[in-house]
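# here is my input; please provide its structure:
(2 chains)
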There are 2 protein chains.
Amino acid sequence: METFFTFLEKRVDDSSSLLCVGLDPHISELKEPSPASVLDFCLNLIRETAPYAAAFKPNAAFFEVFGAEGWTALKQVIETVQEESNRQGSMIPVILDAKRGDIASTAEAYAKSAFEGLGAHAITLNPYLGKDSIDPFIQNPEKGAFLLCKTSNAGSMDLQNLLVLPVGAESSAPLYIYVAHLARQWNEKNNVGIVVGATHPAIMSNIRAAAPDLWFLSPGVGAQGADLETALKFGLRKDGKGMLVNVSRSIARAENPGLAAAELRDEILNVKRELNR
Amino acid sequence: METFFTFLEKRVDDSSSLLCVGLDPHISELKEPSPASVLDFCLNLIRETAPYAAAFKPNAAFFEVFGAEGWTALKQVIETVQEESNRQGSMIPVILDAKRGDIASTAEAYAKSAFEGLGAHAITLNPYLGKDSIDPFIQNPEKGAFLLCKTSNAGSMDLQNLLVLPVGAESSAPLYIYVAHLARQWNEKNNVGIVVGATHPAIMSNIRAAAPDLWFLSPGVGAQGADLETALKFGLRKDGKGMLVNVSRSIARAENPGLAAAELRDEILNVKRELNR
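The predicted structure follows:
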């Protein structure tokens, strides 16, 4: 049976890549802010970088800000990834970075929107509302969810680093470790991963120890300052997979985004070779 | 200077109401699922219940599920509240129930979408990403944010009830109490409240003790089974305000939603009188 992660791993093999290309048409990236320029920005990025992308990750916020027209653009972006996939003969997963989270009946509507309405293959989710807020997204093993575990921003300290004392536990652990454990428990269908920012390498290493098998979606390399080699060293699974390195700005702002993506793909391959994974 | 909560309190006084009417056009509530029937459902509810509503709370998920057309319907819903407000000569706040949360630069786009694009006055936010994910929403004191603290669903146990040990603290406390403390700290401009489900009355009482001054947005009364009197007893501030009782299904499904809203408004007034607040 195909699951989200067998699907992703097939693409990782086809493209020899762990690079996730972030599609973040932030207003500051656009010459003139409009739904048309958002679409133009993304379509250009997709066409140039598709051969080197293990996945694409559009962030919903940058489309939502343009209302209904932005939503139409987001759908077109996802359709364009599909077209590029067909051209290449290898399906490229789309991870909708939406960070949603709501009670069960409402989460169902969000899941329908992301997977049926937009055609995304996976979504990022906030775990604060617990299991019933995640369930509607992971019923179908072919669709995946990455739960926010340790995010790349400074504010991630405020809650995620708190020491928690679960009932019956012998010792306390940071909340992000607890979330990693929950994600492992909830990953019954090989379709639950976690978001682990590359900006905290020591923490990434601890989370990898707590969840040796889970897929990480890791932002932070590039404009946010995280080092690629360190991130791979601490984040990769023993099988040399298990980690999508998300890069947005440093590809989008490159003179030649296709070349920048190819170089990143190859840099990841080189580091993996050095690490012998 | 007007702040979100002085604005809300003016409406609470004008309408003698603490009732927040939830606009949740869940597919199961519609005869035929379509953006037109979503709009029809909401416009009908707004027109019938506006005299008794301290606020309206549309949930973004039920619009998002219809893509671009759903987004247009959401904008029209918020405009209709504005029109009804003008007709009554008393502005009714719209709280967008979106439960968003993303790193700072992305949160800016969500804030622009909710407040400028859609014209909402406040939004619900997930605190898991910390202060920098909240800041863009609370810079303008006239716009408000309700942080998820203790939600009404069963899954709220999974993370929100964990005992946390903040650095330097003498004793542990549940995560929801920690979030209530953070919300108090972040409420520098009288525009930060918290979501506290009425389905956990003992917990609501503890959160009120930890945050005697904050506004609560409290779902759970009606279809979710929470008792109105108990909720008001444990949730109201000493001044008889500080709590919006959100009701969705039991108003929407009533034969006469306007009458159901009027009765709830009056029931709240009666309980307040008995409690002497």
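# going forward, measure contacts and count neighbours with C-alpha atoms only.
Fine.
# any idea which helix or strand in chain A has the lowest mean pLDDT?
Scoring the helices and strands of chain A by mean pLDDT, DSSP states H and E places strand A:163-165 at the bottom, with a mean of 93.
# I figured A:Pro136 hits A:Ala104, correct?
Yes. Here A:Pro136 lies in contact with A:Ala104, judged by Cα atoms under 8 Å, at a distance of 7.0 Å.
# I'd like the mean pLDDT over the host helix or strand of A:Met204, please.
Here A:Met204 sits within helix A:201-210, counting by DSSP states H and E. On average, the pLDDT along helix A:201-210 is 98.
# tell me the buried residues in it?
A:201, A:203-205, A:207-208 (16 or more other Cα atoms under 10 Å in any protein chain shown).
# the least confident helix or strand of chain A and chain B, are they touching?
Yes. With Cα under 8 Å from any Cα of the partner chain as the measure, strand A:163-165 is seen reaching chain B through A:163-165.
# report the strands that pair with that strand, each with its relative direction.
strand A:173-174 (antiparallel), strand B:163-165 (antiparallel) (DSSP bridges).
# what comes into contact with the longest one?
What that stands for is strand B:163-165. A:162-166, B:171-175, B:178 (Cα atoms under 8 Å, 6 or more residues apart in numbering or on different chains).
# same check on the first one?
With Cα under 8 Å, 6+ apart as the contact definition, strand A:173-174 has outside contacts at A:160-165.
# what's the farthest-apart pair in those?
Greatest spacing in these, by Cα to Cα: A:Gln160 and A:Leu165 (13.5 Å).
# the residue nearest the centre of chain A: helix or strand, and which one exactly?
Central residue of chain A (Cα atoms, centre = their mean): A:Leu217, 4.3 Å from the mean position. Taking DSSP H and E as the criterion, A:Leu217 maps to strand A:216-218.
# so does that strand get close to chain B?
No. Using Cα under 8 Å from any Cα, strand A:216-218 stays clear of chain B, with a minimum separation of 13.7 Å.
# for that strand, packing partners?
Packing partners of strand A:216-218 (3 or more Cα pairs under 8 Å, 6 or more residues apart in numbering or on different chains; DSSP states H and E): strand A:192-196, strand A:243-247.
# which one of the ones you listed is the most hemmed in?
Of the helices and strands packed on strand A:216-218, the one with the most neighbours on average (mean count of other Cα atoms under 10 Å in any protein chain shown) is strand A:192-196, at a mean of 28.
# turn the contacts of strand A:173-174 into a markdown table, columns for neighbour count.
Putting those into a markdown table (neighbours: other Cα atoms under 10 Å in any protein chain shown) gives the following:
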| residue | neighbour count |
| --- | --- |
| A:Gln160 | 23 |
| A:Asn161 | 17 |
| A:Leu162 | 21 |
| A:Leu163 | 22 |
| A:Val164 | 26 |
| A:Leu165 | 21 |
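# out of those residues, who's nearest chain B?
A:Val164 (4.3 Å; Cα to the nearest Cα).
# roughly how far apart are that closest one and A:Lys150?
Distance, A:Val164 to A:Lys150, by Cα to Cα, to the nearest Å: 15 Å.
# hey, what's the closest residue to A:Arg100 other than its chain neighbours bridged with?
Using Cα to Cα, 6 or more residues apart in numbering or on different chains and skipping residues adjacent in sequence, the residue nearest A:Arg100 is A:Leu125, 4.9 Å away. Under DSSP bridges, the beta-bridge partners of A:Leu125 are A:Arg100, A:Leu147.
# am I right that A:Leu125 is in contact with A:Ile95?
No. Using Cα under 8 Å, A:Leu125 is not in contact with A:Ile95, being 10.9 Å away.
# coming back round to it: how close does the residue nearest to A:Arg100 get to B:Thr151?
For A:Leu125 relative to B:Thr151 (Cα to Cα), the value is 16 Å.
# when the two are compared, which one has more neighbours?
Comparing A:Leu125 with B:Thr151 by neighbour count (other Cα atoms under 10 Å in any protein chain shown), the higher total belongs to B:Thr151, at 27 against 24.
# how many neighbours does the closest residue to the more buried one other than its chain neighbours have?
In space, and not counting its chain neighbours, B:Thr151 is closest to B:Gly197: 4.9 Å by Cα to Cα, 6+ apart. Residues near B:Gly197, counting by other Cα under 10 Å, number 28.
# so what's B:Gly197 up against?
For B:Gly197, the contact set (Cα under 8 Å, 6+ apart) comprises B:150-153, B:204, B:217-220.
# please apply the same query to A:Leu23.
With contact taken as Cα under 8 Å, 6+ apart, A:Leu23 is in contact with A:42, A:45, A:56-59, A:248.
# all strands of the stretch 51-200 of chain A, in order?
Counting by DSSP state E, counting those that start in this stretch, the stretch 51-200 of chain A has these strands, from start to end: A:55-58, A:95-100, A:122-125, A:144-150, A:163-165, A:173-174, A:192-196.
# check which helices and strands the helix holding A:Met204 sits against.
helix A:175-186, helix A:228-235.
# now it against strand A:144-150, angle please.
Inter-element angle recorded for helix A:201-210 and strand A:144-150: 130 degrees (by axes from the mean of the first three to the mean of the last three Cα atoms, to 10 degrees).
# so how far is helix A:201-210 off the chain centroid?
Between the mean C-alpha location of helix A:201-210 and the chain-wide mean there is a distance of 17 Å, by Cα atoms, centre = their mean, to the nearest Å.
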